[in-house]
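**Q** Prediction below, plus the sequence it came from.
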Amino acid sequence: MLNQVYRLVSERKFESFVVSEKIHEKSVVVKPTYLSICHADQRYYSFKRRTEVINEKLPMALIHEGIGKVVATSDDKFSIGDRVIFIPSLPVEKDELIEENYLESTKFRSSNYDGLMQEYIISDISRIVKIPDGLENTIVAFAEMLTVAHQGITRLSRVSDISDSVIGIWGDGNLGYMVSALIKCIYPESKVYVFGHHQAKLNYFSFVDRTFLTDNIPENVRIDQAIEATGGLGSQMAIDQIINSLEPEGASVLMGVSEENVPVNTRMVLQKGLTFVGSSRSSRSDFIEVMNMLTKNPLLVDKMGILVDTVRDIKSIDDIGQAFEHDQAHAFGKTIMHWHL
């Protein structure tokens, strides 16, 4: 079938491409309906990646957070009209030890494979998950980011008991907010401290136990585990503060993406016997678990509703650019594109 794909071709410029798609026996045809803009998409849109990376990947359709409706299927697991959430990781092999999102061969939408800004998505049945009734489109549109948060928490729980400990979250943005909300949902007996740069953003974290500005952390603050959710230029300060604040033999998950190498105080890591674990993206199991959690926890849904900054109708390529420009001007919350193309 012929499909319209909207790709980034140069800085802040999108163009439409007509692509011939093959529909296989296990394919499901999905019409995208609500898409969410991520910081990773913005780095491509604004050409904040290295030149060689940009040149290698463009032209490419952006967006990896989103949902759609099934319009054609030959598989009895789905019906026409079903709402589904897209899993952006596209594995081409299975490994008994390595999760799909860490395999070097796995493709990822809007990174090394076309994203969701398309007329239709031809998806394998394993790359979509049915959305339970009752969940709002504008919230599940960015639930992929919740699955990333869930992956990080799961990886931390594998190396340290976090059921009733003090957990520090570095990062007062969307990811830090989601991680904090999920921890409070999964481990209600734990204490969550959030460390951020902006008091205005920290005010949104009313459900955690304590918040701190990163330039005014009391010397006696100690934590059992930490999650770094800052990324970028803030990673170095965050990791330094995590190392200083962790109790001996504490553990931390690193989730923030940085374009540059980040120095680490290895002397104190060794002296305190600390464990650091990397976490990136998510797998199908995270999507299934997050859908279940949203269904069973209305308070979690309410917390996610705060992140819906704006919903913009997308009926033209110009509308796409305007949505990205709007999103850049807002440091907290998610810009949702109601996709009509």
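**A** Received, thanks. Residues are numbered from 1 along each chain as shown.
**Q** in the chain, what residue sits furthest out from the centroid?
**A** In the chain, the greatest distance from the average C-alpha position (C-alpha atoms, centre = their mean) is reached by Gln271, at 33.0 Å.
**Q** Can you list the buried residues in the strand or helix carrying it?
**A** Assigned by DSSP states H and E, Gln271 falls within helix 266-272. By 16 or more other C-beta atoms under 10 Å, the buried positions in helix 266-272 come out as Val269. Where C-beta positions appear, they are placed from N, C-alpha and C, glycine not excepted.
**Q** Show me how far that helix is from its chain's centre.
**A** Remark: helix 266-272 is offset 30 Å from the chain centroid, using C-alpha atoms, centre = their mean, to the nearest Å.
**Q** Renumber starting at 58 from here on
**A** With 58 as the first residue, the last one maps to helix 323-329.
**Q** what helices or strands is that helix leaning on?
**A** When contacts are defined as 3 or more C-beta pairs under 8 Å, 6 or more residues apart in numbering; DSSP states H and E, helix 323-329 sits against helix 292-302, strand 303-311.
**Q** got the contact list for the longest one?
**A** When you say that, I think you mean helix 292-302. 225, 227-228, 252, 271, 274, 278-280, 283, 285, 287, 309, 311, 313, 315, 319-322, 325-326, 329, 331 (C-beta atoms under 8 Å, 6 or more residues apart in numbering).
**Q** if we can go back for a sec, and the gap between the residue farthest from the centre of the chain and Ile299?
**A** Gln328 is 14 Å from Ile299, where distance means C-beta to C-beta, to the nearest Å.
**Q** and if you look at Asn158?
**A** For Asn158, the distance to Ile299 - C-beta to C-beta - is 23 Å.
**Q** same deal with Val365?
**A** For Val365, the distance to Ile299 - C-beta to C-beta - is 30 Å.
**Q** Just tell me which of the helices and strands packed on helix 323-329 ends up closest to Ile137.
**A** Comparison of the helices and strands packed on helix 323-329 against Ile137 by C-beta to C-beta identifies strand 303-311 as nearest, at 40.1 Å.
**Q** That closest one: which residues count as buried?
**A** Using 16+ other C-beta under 10 Å as the test for burial, strand 303-311 gives Leu303, Gly307, Ala308, Ser309, Val310, Leu311.
**Q** returning to that earlier point: where strands are concerned, which of the contacts of helix 292-302 count?
**A** Applying DSSP state E to the contacts of helix 292-302, the entries found in strands are Gly225, Trp227, Phe252, Ile280, Ala283, Glu285, Ser309, Leu311.
**Q** Please look at the first one and Tyr250 and confirm they touch.
**A** Meaning Gly225. Yes - between Gly225 and Tyr250 there is a contact under C-beta atoms under 8 Å: 4.8 Å.
**Q** returning to that earlier point: next, the buried residues of whichever helix or strand comes after the helix holding Gln328.
**A** Using DSSP H and E, the next helix or strand after helix 323-329 towards the C-terminus is strand 332-335. By neighbour count with 16+ other C-beta under 10 Å, strand 332-335 contains the buried residues Phe333, Val334.
**Q** again with stretch 284-293
**A** Residues Ile284, Glu285, Ala286, Thr287, Gly288, Gly289, Gly291, Ser292, Gln293 are the ones in stretch 284-293 that count as buried (16+ other C-beta under 10 Å).
**Q** If Phe71 is in a bridge, with which residues?
**A** Taking DSSP bridges as the rule, Phe71 bridges to Leu65.
**Q** list the contacts for it?
**A** Tyr63, Arg64, Leu65, Met174, Ile374, Ile377, Gly378.
**Q** tell me the centre residue of this structure?
**A** Short answer for the chain (C-alpha atoms, centre = their mean): Met202, at 2.6 Å.
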